[in-house]
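S.K.: Next input, structure requested:
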Amino acid sequence: MHRATLRLRVLAALPHVLALTGYLLFLALRWDRLPDTLATHFGADGGRADGFTGRTAFAFVSTALLLTLGAGWTALVQRGSLWGAWATAGFTGALLVLLVRDNLDATDPALVESSLTVPLLALASAALLGLTGLALTRTVPRTAPTGAVAGPDAPRLPLGASEIAGWSRATASRTLTVLAALALAATPFVLLLAPWPGALLGLLGLLIGLPGLALARVRVSVDRRGLTVRSALLARPRVRIPLDEVSGAAVRTLDTAAVLSQFGGWGYRVRAHRTGVIVRTGEALVVRRDSGREFAVTVPDAGTAAALLNTLAERHGKV
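M.R.: Next comes the predicted model:
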């Protein structure tokens, strides 16, 4: 792992470690003063308690929440979002501590109240730690992605002056196919069997399943029109980068860590300086556009695609 990436992940994990340590210490010191059942949710009308959780269950759930948030930020953090990791830890840690404080010495959890100052204090904590994370961003050097995008010495596919060539490959994700199919299969059961209005959550199956199924298998083509990426099942949606927008193409190998850190996960991804169709790990065709943004698609035989795209773009007067 690159030293700058390691530093970034350590700095993203640090506030969650501090928040978890401080929260668990406070919880342990006040454990005997907490009721067996805690008020854990409060209504908008006067801040009266309307949701309750057992003391032990609350301790496990709150600890798991901080651990999950910390793990997520550590895996997905980008240099420009480090402040968000610190702000999240500050808000969540403060909210949990204040929740425990409100339950101290309560004889009846139903009588516990939470004032408006609780979320305001949590937001203040988030702002303070967010500024700390923003300041620490300066200690993390900027890094270029592994595998530079093509320059003048990038590989070309030799073609005669009158030769025409094209390249096309399909790539698929079994995991995404299964998840999308399960989401679609569950939709009618939730709509029919779940009580109203909870049944409307079944529509989430359509929102997740249809795009997921469309992206589970994609076809990548390189020809005289440029690069085209579309669903293997549907003609639309599609991504097309014409030759006059291509400034270079290369191959980059993406493992799980790179997929998470550079693109934030799988599927159609949009980041600050790059977009991509990421359905698997392994070889990825990476195209730099004239705007400076990168587009990546994971596909087998990406080297041939990059070489051909560089040759066609050179003929077009671009590379």
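S.K.: could you check the distance from the closest residue to G51 other than its chain neighbours over to L285?
M.R.: In this structure, G51 finds its nearest non-sequential neighbour in H41, 2.8 Å apart by CB to CB, 6 or more residues apart in numbering. Every C-beta, even on glycine, is put in place using the N, C-alpha and C of the backbone. Between H41 and L285 the distance, using CB to CB, to the nearest Å, works out to 49 Å.
S.K.: what's the answer for G43, then?
M.R.: For G43, the distance to L285 equals 53 Å [CB to CB].
S.K.: between these two, who's got more neighbours?
M.R.: The neighbour comparison of G43 against L285 (other CB atoms under 10 Å) goes to L285, with 28 against 12.
S.K.: Return the set of residues that bridge with that one.
M.R.: V251, V297 (DSSP bridges).
S.K.: likewise T53?
M.R.: Assigned bridge partners for T53, using DSSP bridges, are L38.
S.K.: H41 versus that one, what's the distance?
M.R.: Distance, T53 to H41, using CB to CB: 8 Å.
S.K.: out of these two, which sits in the more crowded spot?
M.R.: Counted by other CB under 10 Å, T53 and H41 do not tie: T53 has more neighbours, with 17 against 11.
S.K.: Let me know whether that one touches L34 as I believe.
M.R.: No. Using CB atoms under 8 Å, T53 is not in contact with L34, being 11.2 Å away.
S.K.: Secondary structure element holding L309?
M.R.: Take DSSP states H and E as the rule and L309 turns out to sit in helix 302-315.
S.K.: For that helix, what is the distance to the chain centroid?
M.R.: Per CA atoms, centre = their mean, to the nearest Å, the displacement of helix 302-315 from the mean C-alpha position of its chain is 30 Å.
S.K.: What is it packed up against?
M.R.: Contacts defined by 3 or more CB pairs under 8 Å, 6 or more residues apart in numbering; DSSP states H and E place helix 302-315 against strand 167-172, strand 217-223, strand 226-231, strand 246-254, strand 282-289.
S.K.: So for it, mean pLDDT?
M.R.: Across helix 302-315, the average pLDDT comes to 88.
S.K.: Go through that helix and flag the buried ones.
M.R.: Residues 302, 304-314 are the ones in helix 302-315 that count as buried (16 or more other CB atoms under 10 Å).
S.K.: With stretch 58-75 instead?
M.R.: For stretch 58-75, by 16+ other CB under 10 Å, it's 58-59, 62, 66, 69-70, 73-75.
S.K.: Repeat that for stretch 240-254.
M.R.: Residues of stretch 240-254 classed as buried: 241, 243, 245-252, 254 (neighbour count, 16+ other CB under 10 Å).
S.K.: ok, of these, which one's closest to L99?
M.R.: Lowest distance from L99 to these (CB to CB) belongs to L254, with 40.5 Å.
S.K.: roughly how far apart are the closest residue to the closest one other than its chain neighbours and G292?
M.R.: Spatial nearest neighbour of L254, excluding adjacent residues (CB to CB, 6+ apart): A284 at 5.0 Å. The gap separating A284 from G292 is 18 Å, by CB to CB.
S.K.: The two: which has the busier surroundings?
M.R.: A284 (26 against 9).
S.K.: ok, and what's touching stretch 117-135?
M.R.: When contacts are defined by CB atoms under 8 Å, 6 or more residues apart in numbering, stretch 117-135 is touched by residues 11, 15, 82-95, 98-99, 102.
S.K.: at 6 Å what do you get?
M.R.: Here stretch 117-135 makes contact (CB atoms under 6 Å, 6 or more residues apart in numbering) with 15, 82-83, 86-87, 90-91, 94-95, 98.
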